[in-house]
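Engineer: here is my input, please return the structure:
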Amino acid sequence: QNHQYPTSSGTATNNNQGQSLAMARRSELASLLGCWLLATTAVARDDGLALTPPMGWSSWYAFGADINETKIVQTADAIVRTGLLDAGYTYVNLDDAWMSPMRDRFGKLQADPTRFPSGMQWLADQMHQRGLLLGLYGCPGVRTCLGFPGQFEHEYQDAETIASGGGLVEA
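Structural biologist: The predicted model follows:
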């Protein structure tokens, strides 16, 4: 028997053509479902690293350039007290204005002695005691947006200064 079946285009087809069309549509749907599953399935290592994206707090959004060690320590305490540390917030990042307006006589970055009289090492220690990490803003230009020393032509020296402690923080 040769039956006629309507199609989505409105033309009639016989039974064999209808079955072929149905199989093609099922195949197409299966392919789309497979692509969707691949796109929505994440593959990750089970090594305990980066279980959450790196999360933290930036001084800029709360204080702009008006930062000092007291505000930063109080903020760190609030991060711990409110449960943000337990939720994965591990970084306390100092944005522009943490550094002195001038580099030292060797061209090294230095913390602002008025706003951070205890020094960056002390501040980093305070963060570590609370289970947090300290991040320091840097700018690839000659000057930061606020006019503090940028890292242009000092990239290696600044990275080395920060990593070695260099009066800022201990590695």
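
Engineer: just for the protein, where's the confidence low?
Structural biologist: Applying pLDDT under 70 to the predicted model, the residue ranges of the chain that meet it are 1-24, 27, 29-44, 165-171.

Engineer: for the strand ranked longest in it, buried residues please.
Structural biologist: With secondary structure taken from DSSP state E, the chain has its longest strand at strand 89-94. Residues of strand 89-94 classed as buried: 89-90, 92-94 (neighbour count, 16 or more other Cβ atoms under 10 Å). Backbone N, C-alpha and C define where each C-beta goes, glycine included.

Engineer: look up phi and psi at the residue nearest the centre of the chain.
Structural biologist: Closest to where the C-alpha atoms of the chain average out (Cα atoms, centre = their mean) is residue 54, at 4.9 Å. Its backbone dihedrals place residue 54 at phi -60, psi 120, with angles given as degrees, to the nearest 10.

Engineer: got the contact list for it?
Structural biologist: Contact analysis of residue 54 by Cβ atoms under 8 Å, 6 or more residues apart in numbering lists 90-91.

Engineer: show me where the chain has its strands.
Structural biologist: Secondary structure of the chain by DSSP E: the strands cover 5-6, 12-13, 55-58, 89-94, 133-136.

Engineer: format the ones you listed as CSV; extra columns: distance to residue 122.
Structural biologist: Conversion of the strands of the chain to CSV gives the following (distance: least, Cβ to Cβ, whole Å):
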stretch, distance to residue 122
strand 5-6, 80
strand 12-13, 81
strand 55-58, 19
strand 89-94, 13
strand 133-136, 11
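
Engineer: for residue 68, find the nearest of those.
Structural biologist: Proximity to residue 68, assessed across the strands of the chain by Cβ to Cβ, is greatest for strand 89-94 (10.3 Å).

Engineer: name the strands paired with that closest one and say parallel or antiparallel.
Structural biologist: Strands that pair with strand 89-94, judged by DSSP bridges, come out as strand 55-58 (parallel), strand 133-136 (parallel).
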